[in-house]
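Q: With the input below, show me the fold.
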Amino acid sequence: MLSEEPRRKRWWIHPIVSQRLQKGHFHTFYFDLRHNPEKFQGYCRMSVATFDILLASLLSGLAFQDTTMRRSISPEERLLLTLRFLATGNSFASLHYEYLLGISTISGIVCYTCQLIWQRLREAVMPTPTANDWLRIADGFYQSSQFPNCIGALDGKHIRVKKSSHSGSQYFNFKQYFSIVLLALVDSNYRFIIVDIGAYGSTADAHIFCSSRMGERLCANQLALPEPRRLPGSSASAAPFVIVADEGFALSPHVMRAFPRRDLDDRKRIFNYRLSRARRYVECAFGILSNKRRVFMSSLQMMPPW
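A: Below is the predicted model of the structure:
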């Protein structure tokens, strides 16, 4: 076979992309957005004040040096582009025509910025809970759902992804599409306490939980749970603090699920009702997450580790 010459690029920078500083979405739209807080909130699902706080936290990681060949992309543009992608789920090709940046450049910016946000803010927004934190969470559940000694609602959400090469049926779930699983523990304020991300969509929630660091630490009693305490209005022995979950999870000393839906007496029905009231917080948290970050309603491209 005759060897073909490598294809040469027609342009070093496409003529349309070269007009980014004059016609790009950021340079023509960003400063007008900042003077209209409601429109800014709708554009990237974040207030101007929160955007500035987030930018200050990431500034050193998003600032790159200019070269003699080209100017670097500003931290503000990198962050706004990433938030727009998360807020809408628009494809990189669509953002390419808005921001006049290369598709591969946009892909690199989004992946890098998301990882930087996780590295910089993980300890601030999702710290490891202490015994006092668990007590506060349990009090919140009791006040809102009348379920005592509950330290969180647990469930898994399937995040739709595009099938990666040579993955077989590993990501193919029971809902008949490819996904990875977001396993989350949520408090009564719809806030995520602990998450485990990236399990195959074909894996059952119970197996993901047992194999996760959260499940292993819970079984080994390494989550700093408070000592068991009596239930309100009860003179019986102290009861342990528990996580509420659905029928997909196995029953254990610290994981509580509803009674089977047969031969239920009044006490069991009331228990199931109270448990479902506590468990709904994780379902609502997933709904809030998907509505605020519409990227979770689209199919994500599996990316290699950055």
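Q: Return the list of helices and strands in contact with whichever strand or helix holds residue 110.
A: Element membership for residue 110 (DSSP states H and E) is helix 103-125. Other elements packing on helix 103-125 under the criterion 3 or more CB pairs under 8 Å, 6 or more residues apart in numbering; DSSP states H and E are helix 48-62, helix 75-88, helix 92-99. In short, each C-beta sits where N, CA and C put it, glycine included.
Q: quick one: low-confidence parts of the protein?
A: Along the chain, the parts satisfying pLDDT under 70 run over 1-12, 302-306.
Q: Which parts of it are strands?
A: With DSSP state E, the ranges of strands along the chain come out as 150-160, 179-186, 192-200, 242-244, 255-256.
Q: List the pairing partners of the fourth one within its sheet, with orientation.
A: Each strand paired with strand 242-244, and its direction, by DSSP bridges: strand 150-160 (parallel), strand 255-256 (parallel).
Q: Show residues contacting that strand.
A: With CB atoms under 8 Å, 6 or more residues apart in numbering as the test, strand 242-244 has contacts from 147, 149-154, 185, 218, 253-257, 275, 278-279.
Q: Narrow the residues you listed to just the buried residues.
A: 147, 149-154, 185, 218, 255-257, 275, 278-279 (16 or more other CB atoms under 10 Å).
Q: from those, which is closest to residue 38?
A: Of all the buried ones among the contacts of strand 242-244, residue 38 sits closest to residue 153, with 32.6 Å by CB to CB.
Q: Return the set of residues that bridge with the closest one.
A: For residue 153, the beta-bridge partners are residue 186, residue 244 (DSSP bridges).
Q: List the buried residues in the helix holding residue 110.
A: 106-107, 109-111, 113, 116-117.
Q: who's in contact with it?
A: Contacts for helix 103-125 (CB under 8 Å, 6+ apart): 54, 57-58, 61-62, 73, 78-79, 81-82, 85-86, 92-93, 95-96, 99, 101, 303, 306.
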